[in-house]
Each structure stands twice: as C-alpha cells, then as structure tokens.
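S.K.: Got a predicted structure here, sequence first:
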Amino acid sequence: MSVAVIGAGAFGTALAVTLASKAPVTLWGREIDWAGTRENPRLPGVALPPALHVTDDLDQIRAETVLLALPAQVLGSFLTRNAGLLNGRNLVSCAKGIDLTTLTGPSALIASACPDSKVAVLTGPSFAADIARGLPTALTLACADGRAGHQLQHDLSTPTLRLYRTTDVTGAELGGALKNVIAIAAGAAIGAGYGDSARASVITRGFAEMTRLATALGARPETLTGLSGLGDLVLTCTSEQSRNFRYGLALGAGRDFAAGTTVEGAATARAAAALAPRLGVDLPVSQLVAGLAEGRVAMEHALDILLNRPLKEE
C-alpha cells in the first residue's frame, strides 16, 4: 500500500521519515524551502532518507493511504478545499484536538468532507524527535472498520513504531486531544511554583475529567487507560519537549510564549468548556485552562478557584 503524509511539521516529517524505511513516501508541505537541504529545521540533525520525496504540489499526492498531520484547527478548512483530491482514500488523522467551529474531533471532519474514505486516527505518547531518530515508540491506531484498521496497522507499523489497534475512535481521539489541556494545567502548576505534588493532583484529576467527557461522548472507559489516554497524558505532563506543557510553564511563570507556536490544548480547552454544559459534565480543569489561555483568569487566582470547589468524594 502506498503512503503519503500531508503536513511537513515536525510530527508529519517524523512519520514520513520512519515510514520511508519500509517504502517510498511522499511528504507535502506548504513552506518547504528546506527541501533541498534534506533536513527539516524543526527536526535538526535528522537527515531525510532517499525514499522520502518532499513536495509543495498536492497533485503529487497519489497514495492510497494519506496521513493528515495538520493542526486540528487547520484541518477543517484544508478538507473543505481539497476534499475532491482526498475522497475515496484511506485517511488517517494525526491531529490532537477538538475543532472549535463544529466541536467535533478530526475524524468527524474527515468523514463529513470525504464520505467515501476509510477514516482512522493515529495517536498516543510520542515526540517527533523520538520517532524520527528511530527510538522505540508505541501508538494507538483507531479505526471503526476493523478490517481496514488491521490493514493500516500492518502498513503503518515499522521496526521502531509499534501500533496497537482499536475500534474506539472517539476514545482514542479524545484522549489525545484532552491530554493537551491537562498538560497546560500541569505546566502552569510547575511554572507557578506549586510543586510536583500539585502537578500529580492535576494529572490525576485531569485524567478523571478526560474520562468523564470522553465517555459522555460515547467512548469506552478502558480506551482512556491505554496509550492514547493515560500514556499520552503522562508523557505530555512530565516533559518539556511538550509544547503544551511549556506553554503552561510560561503561563504559570507569567512569561511570554514563543509566538507562532501551535498549542493545540488552548483551543481544545475552549472547545471542551463549550461542550461541558451541553453534556452536563463537570470540567473544572478544562474551564480553568480556557480562562487562563483567554486571559480571563489570572494565574494568582487559579489555585484558589480549584481549592475552593466543594469538598466531595473522590
């Protein structure tokens, strides 16, 4: 099966690099002035293999399976413009977020724009640099069509990238999206000097919050305990390689964050906060992160907001 990757950021490039160890891969990007150097500046020190072709021409994307490694808030408009090109192919979302316009995940956006496609989600605990350098990584591949999921698992696994299969697309997708929100809160706790005990509390209560929202939307609870939920949450809340965690650190410390850096968790927090009243779900951490990201809540008041909530059973 031929494979292409749309989105030449760090993660898309990393996936293309590891998949090119098996067969030729085409990688599409909008700004690829680095293509001639055979090294993406977002992945310094990683040489692009000969089997990886880089292009800014979408017409060169002819593969049967296409990985969509685009930011969650960009994916919808990209699909609107290019549905005719993509419809009918196997489309694998690599985005981690909830679309602010529709309040749905990437798989729903893809299915709506490309109704003749098999849709899957690739998610889980991973950093682009680790994948690109061939370090062992395990991810979740979620596809409602079990037969298609089995084939994609075979086609997209490599000696260093191990994929575990599930049919629970909703659970896998929401685990990957919501862990970014909790990572911002965990980073803010550390940045504000609250300490590791506070971070552990944020992670634990945040995981409960992730599970509440995901199951309210139809996910299986056990999916959230897997790679795409708990696994990704632990990684993202404990490493400064995570942009969401670094963004939280900056919020907590009152520092500016690098302009132009995609922070999926900030938009996802706003989407989750909008979903909460519709579903009757209590999401205090997500609502707090949304307030911090929008500047409605000052960091010095954030801890008081959480600690002054009514006492209750765990």
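M.R.: In hand now; what should we look at?

S.K.: C-alpha only now, for contacts and for neighbours.
M.R.: Fine.

S.K.: Strands of this protein, residue ranges please.
M.R.: Using DSSP state E, the strands of the chain run over 3-6, 25-28, 52-55, 65-68, 90-93, 118-123, 137-143, 161-166.

S.K.: now those strands as a markdown table including distance to P41 and mean neighbour count?
M.R.: Formatted as a markdown table, the strands of the chain follow (distance: least, CA to CA, whole Å; neighbours: other CA atoms under 10 Å):
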| stretch | distance to P41 | mean neighbour count |
| --- | --- | --- |
| strand 3-6 | 17 | 26 |
| strand 25-28 | 15 | 25 |
| strand 52-55 | 14 | 20 |
| strand 65-68 | 20 | 24 |
| strand 90-93 | 23 | 24 |
| strand 118-123 | 23 | 26 |
| strand 137-143 | 22 | 24 |
| strand 161-166 | 22 | 19 |
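
S.K.: Just put the ones you listed in a markdown table and tack on mean pLDDT.
M.R.: A markdown table is the format used below for the strands of the chain (pLDDT from 0 to 100):
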| stretch | mean pLDDT |
| --- | --- |
| strand 3-6 | 98 |
| strand 25-28 | 98 |
| strand 52-55 | 96 |
| strand 65-68 | 98 |
| strand 90-93 | 98 |
| strand 118-123 | 98 |
| strand 137-143 | 98 |
| strand 161-166 | 98 |
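
S.K.: do you know which of those lies nearest N40?
M.R.: strand 52-55 (10.4 Å; CA to CA).

S.K.: Show me what the closest one pairs with in its sheet, parallel or antiparallel.
M.R.: Listed by DSSP bridges, the sheet partners of strand 52-55 and their directions read strand 25-28 (parallel).

S.K.: mind checking the longest helix of this protein?
M.R.: Here the longest helix in the chain is taken by residue count, with DSSP state H as the criterion, and it is helix 169-191.

S.K.: Apart from its neighbours in sequence, what residue is nearest R243?
M.R.: Computed as CA to CA, 6 or more residues apart in numbering, the closest residue to R243 that is not its neighbour in sequence is V263, at 6.3 Å.

S.K.: Show me the shaky parts of this structure.
M.R.: Along the chain, the model assigns pLDDT under 70 to residues 303-304, 306-314.

S.K.: so where do the helices sit in it?
M.R.: For the chain, the helices defined by DSSP H occupy 10-19, 72-86, 106-113, 128-132, 146-156, 169-191, 196-216, 221-224, 232-238, 243-253, 264-279, 284-294, 299-307.

S.K.: Out of these, which is the most enclosed?
M.R.: Among the helices of the chain, ranked by average contacts under mean count of other CA atoms under 10 Å, first place goes to helix 169-191 (a mean of 30).

S.K.: Distance of G124 relative to S107?
M.R.: With distances taken as CA to CA, to the nearest Å, G124 is found 15 Å from S107.

S.K.: which residues does the residue lying closest to L135 once chain neighbours are set aside contact?
M.R.: For L135, ignoring the flanking residues on the chain, the nearest one in space by CA to CA, 6+ apart is T160 at 6.3 Å. Listed by CA atoms under 8 Å, 6 or more residues apart in numbering, the contact partners of T160 are I131, G134, L135, P136, T137.

S.K.: try L275
M.R.: Contacts here follow CA under 8 Å, 6+ apart; on that basis L275 touches L103.

S.K.: what's the answer for L233, then?
M.R.: Neighbour list for L233: P125, G176, K179, N180, I182, A183, I203, F207 [criterion: CA under 8 Å, 6+ apart].

S.K.: Show the backbone phi and psi for A63.
M.R.: Main-chain dihedrals, A63, degrees, to the nearest 10: phi -70, psi 160.

S.K.: With K179 as the reference, measure out to the spatially most central residue of the chain.
M.R.: In the chain, the C-alpha nearest the mean C-alpha coordinate belongs to K96, at 2.3 Å (CA atoms, centre = their mean). In this structure, K96 lies at 9 Å from K179, with CA to CA as the measure.
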